[in-house]
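Q: I'd like to go over a predicted model; first the sequence, then the structure.
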Amino acid sequence: MSAIRLLVLGAVRRHGRAHGYQVRNDLEFWGADEWSNTKPGSIYHALKQMAKQGLLHAYESAPSTAGGPPRTEYEVTEQGTAEYFSLLREALTSHDKMDLLAAGIGFIVDLSREEAVTLLRRRIKGIERWRESVTEYYKPEEGPEQLGHIGEIMHMWVHSADVGAEWTRGLIERIEGGAYIFAGEDGDPFEGVLAEEHENPQEACGPHGDEPA
């Protein structure tokens with residue numbers, strides 16, 4: 001649920017106030033429905049649940065401009081903002097939840113450049129500790145056959161750790177080299193990423209659907 005919560009809070013926060021279809025459209029534009037569990041039903045469920053929990057404020061329904069049924073608009077509360085940044089920081093240090101990490105990368109520019117690098121370095125340390133725990137009983141240099149076909153699992157874990165650390169170091173290098181726009185810097189960090197004038201490449205042809213009741 002953490003990745004969905006982060007994605008939905010981040011998408012609402014981008015708009016200031018947003019209804020369910022806007023959130024869904026943004027996340028589908030990113031293809032988040034392919035690499036996470038952000039299906040339409042889970043998005044609307046998350047919105048309603050977080051409103052009940054005080055993370056979002058739900059405004060009274062208003063008639064849809066498209067002539068459909070009423071839509072509820074949501075706004076991130078102070079409590080929701082705190083939850084958002086907590087989830088974002090957790091996501092960027094995670095090493096075993098790829099959907100959560102992907103969600104975190106999607107909103108990494110909401111942090112300062114310095115903090116983003118600090119969190120990513122922490123992620124590398126977490127990966128290294130995890131790798132060490134695996135290699136306490138599995139010796140990569142001896143190959144996976146030492147443990148029979150089960151050794152392939154350990155081999156996969158070690159390989160994933162090495163690749164994950166390498167990728168993270170590359171991202172840190174790009175960020176430290178000036179890539180992207182981060183919070184507190186001149187410019188819009190999300191320019192061209194969620195541009196409203198872009199057609200959603202994931203959206204099927206036909207009229208836009210309205211939020212379910």
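A: Structure's in. What do you need?
Q: I'd like the next helix or strand past the lowest-mean-pLDDT helix or strand in the chain.
A: None of the helices or strands of the chain scores lower by mean pLDDT, DSSP states H and E than helix 32-35, at a mean of 76. Going down the chain from helix 32-35, the next helix or strand is helix 40-52, by DSSP states H and E.
Q: Name the next helix or strand downstream of that following helix, please.
A: Using DSSP H and E, the helix or strand that follows helix 40-52 in sequence is strand 56-62.
Q: Return the list of helices and strands in contact with that next one.
A: When contacts are defined as 3 or more CB pairs under 8 Å, 6 or more residues apart in numbering; DSSP states H and E, strand 56-62 packs onto helix 40-52, strand 71-76. (C-beta placed from N, C-alpha, C; glycine too.)
Q: Out of the ones you listed, which is closest to Glu28?
A: Proximity to Glu28 (CB to CB) singles out helix 40-52 among the helices and strands packed on strand 56-62, at 8.7 Å.
Q: Make CSV from the helices and strands packed on strand 56-62 and add mean neighbour count, mean pLDDT and distance to Ser86 to it.
A: Below are these laid out as CSV (neighbours: other CB atoms under 10 Å; pLDDT from 0 to 100; distance: least, CB to CB, whole Å):
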stretch, mean neighbour count, mean pLDDT, distance to Ser86
helix 40-52, 18, 90, 13
strand 71-76, 21, 91, 13
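Q: Can you give the contact residues for the least confident helix or strand of the chain?
A: Helix 32-35 has contacts (CB atoms under 8 Å, 6 or more residues apart in numbering) with Leu7, Leu27, Thr38, Lys39, Met98, Asp99, Ala102, Ala103, Gly106, Gln202.
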